[in-house]
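> When you get a sec, could you give me coordinates for this:
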Amino acid sequence: MATPTNVLEFLIPSGNWILVGNEYEGITFTADETITKDQFEAGFAQYDAWKAEQDAAKAAKKATAEAKLAALGLTTDDLKALGLN
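Residues are numbered from 1 along each chain as shown. Prediction:
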């Protein structure tokens, strides 16, 4: 579940904002880049979907790497033992 900070970092990655509390009304924009209350509220679902995609991509990448290791007869523990983790 996204936090207000997650949403602001997602929508305004430049960080030109200050958040006091958890509501849109507590946001102070410190540059010309601003968002509306509707954009802020929609950002929660957008962030959650983006985060799920990122997590799925990371899991797929890990599974691919583990499959390649298995094809070589290695495990992640073997890599750790060799200091290659």
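> what helix or strand does residue 52 sit in?
helix 37-71 (DSSP states H and E).
> okay, the closest residue to residue 40 other than its chain neighbours: pLDDT?
Spatial nearest neighbour of residue 40, chain neighbours left out: residue 24 (4.8 Å); criterion: CB to CB, 6 or more residues apart in numbering. The way it works is simple: take the backbone N, C-alpha and C, and place the C-beta from them, glycine included. The model reports residue 24 with a pLDDT of 97.
> wouldn't residue 24 be in contact with residue 39 here?
No: counting by CB atoms under 8 Å, residue 24 sits too far from residue 39 to count as a contact (9.3 Å).
> Neighbour count for the two, which is higher?
Ranked by neighbour count (other CB atoms under 10 Å), residue 24 and residue 39 place residue 24 first, with 17 against 14.
> what's the nearest residue to residue 1 if we skip its chain neighbours?
Nearest to residue 1 is residue 48, by CB to CB, 6+ apart, at 7.0 Å.
> so the one you found touches residue 10, yeah?
No: judged on CB under 8 Å, residue 48 makes no contact with residue 10 at a distance of 9.9 Å.
> joint contacts of the two?
residue 2 (CB atoms under 8 Å, 6 or more residues apart in numbering).
> how much space is there between the residue nearest to the spatial centre of the chain and residue 71?
Of all residues in the chain, the one closest to the mean position by CA atoms, centre = their mean is residue 51, 4.8 Å from it. Residue 51 is 31 Å from residue 71, where distance means CB to CB, to the nearest Å.
> do the same with residue 56
For residue 56, the distance to residue 71 - CB to CB - is 23 Å.
> cool, and residue 78?
13 Å.
> more crowded one of the two?
Remark: of residue 78 and residue 71, residue 78 carries more neighbours, 13 against 8, as counted by other CB under 10 Å.
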